[in-house]
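Chemist: Here's a sequence, model it:
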Amino acid sequence: MMDQEKINKNFKKWVSTLEKNGVDPEGILNLMGKDLVGMKSELFQYEGGLIFESLTLTKYAVALNKLLPSDKAINLNSLLKVTLLSNIGVVGNSEAFKGLDIKTKSLAYLFECNVPLSVDEYAAFVNPKTNMSMLIESANNMVKLEIK
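Modeler: The predicted structure follows:
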């Protein structure tokens, strides 16, 4: 469980990290509103869990990326963007998205909000075999280990 102060602190960190990495979160916030702030996630079933999961995923992804040789490392801005935004598809119940997985819904929201994605960033959402996807999946497994 998380108190409101921690939820707000995490949300501010999420927004500021996106802004520092070239993403204007205004469109996302306008589309999702307060639902995004208090949303639960699959792993963290309490208010504020979605943002907390995104931040935790990002922490592990960055740590793993630092372990890679420089020629294999993922661009940090891209890694931060994808890890912070990959789970926003949890928010909302639009009929248009019925049956879509979370990453695909997240990608649709990003397009709707005009969030620019590089080819590598887009590929990380749709192709589990890219280097970025594999690194993020490893980070996601670390998040799961943390809560086990």
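Chemist: hang on, residue 61 packs against residue 83?
Modeler: Yes: assessed by C-beta atoms under 8 Å, residue 61 is found in contact with residue 83 at 4.8 Å. Using the backbone N, CA and C atoms, a C-beta is placed for each residue, glycine as well.
Chemist: what touches both of those two?
Modeler: Jointly contacting residue 61 and residue 83 under the rule C-beta atoms under 8 Å, 6 or more residues apart in numbering are 136, 139.
Chemist: How many residues are close by the residue lying closest to residue 54 once chain neighbours are set aside?
Modeler: Closest residue to residue 54 apart from its sequence neighbours, by C-beta to C-beta, 6 or more residues apart in numbering: residue 84 at 5.1 Å. Residue 84 has 23 neighbours, counted by other C-beta atoms under 10 Å.
Chemist: Where does residue 84 sit: helix, strand or coil?
Modeler: Judged by DSSP: H, G, I helix; E, B strand; the rest coil, the three-state class of residue 84 is helix.
Chemist: from what I can see it touches residue 56, true?
Modeler: No: Residue 84 is beyond contact range of residue 56, at 11.0 Å (criterion: C-beta under 8 Å).
Chemist: Between these two, which contacts overlap?
Modeler: Counting by C-beta under 8 Å, 6+ apart, nothing touches both residue 84 and residue 56.
Chemist: All the helices of this structure, residue numbers only.
Modeler: Secondary structure of the chain, counting by DSSP state H: helices at 4-20, 26-32, 34-38, 49-67, 76-85, 102-112, 119-126, 131-147.
Chemist: Between those helices, which one is closest to residue 94.
Modeler: With respect to residue 94, and counting by C-beta to C-beta, the nearest of the helices of the chain is helix 102-112 at 8.3 Å.
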